[in-house]
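In: After the sequence you'll find the predicted model.
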Amino acid sequence: MPKSKINITEDPTEIILAEPKFRESLLETISQIRADKNKWYKYEELVYKKSFLNSVARGIADADSGKTYCTQELKEALTSRRNKE
């Protein structure tokens, strides 16, 4: 699919807004904001949620790859780590 040539003299904002999917998404977002349908989060909440989701993803990846411990192995590993301190 050939790319269309962009006229360098055009306003970048006009180029972005001319993209139909972006425009639709922008209008939908504005509509949700006006209707007060968006939930706002503090930055710290977002960082915590992202950290939690990353941790869950790592746990799932470990389980899928067989990096798991039975209860006895876990107890032994924790005891060993505590005794090193």
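Out: It's in.

In: contacts, neighbours, all on C-alpha from now
Out: Will do.

In: Arg81 versus Tyr69, what's the distance?
Out: 15 Å (Cα to Cα, to the nearest Å).

In: scratch that, Leu26
Out: 52 Å.

In: contacting residues for Asn54?
Out: Residues near Asn54 by Cα atoms under 8 Å, 6 or more residues apart in numbering: none.

In: could you redo the last one with a cut-off of 10 Å?
Out: Tyr48, Ile60 (Cα atoms under 10 Å, 6 or more residues apart in numbering).

In: what about it, which helix or strand?
Out: Taking DSSP states H and E as the definition, Asn54 sits inside helix 43-64.

In: Residue ranges of each domain in the protein, please.
Out: Split into domains by automatic domain parsing, the chain comes to 11-39, 43-84.

In: Can you add mean pLDDT and give those domains back as CSV?
Out: Output for these, formatted as CSV (pLDDT from 0 to 100):
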stretch, mean pLDDT
domain 11-39, 86
domain 43-84, 93
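
In: returning to what we had before: between Leu26 and Arg81, which is the more surrounded one?
Out: Leu26 (13 against 10; other Cα atoms under 10 Å).

In: surely the more buried one meets Ala18?
Out: No: here Leu26 lies out of contact with Ala18, judged by Cα atoms under 10 Å, at a distance of 11.6 Å.

In: for the protein, what spans make up the helices?
Out: Counting by DSSP state H, the chain has helices at residues 12-17, 20-34, 43-64, 71-84.

In: Return the residues in contact with the one residue sitting closest to the centre of the chain.
Out: Against the mean C-alpha coordinate of the chain, by Cα atoms, centre = their mean, the closest residue is Lys50 at 6.5 Å. By Cα under 10 Å, 6+ apart, the contact list for Lys50 reads Glu44, Val56.

In: Now do stretch 55-72: distance to the chain's middle.
Out: Computed by Cα atoms, centre = their mean, to the nearest Å, the chain-centroid distance of stretch 55-72 equals 21 Å.

In: Fine by me, thanks again.
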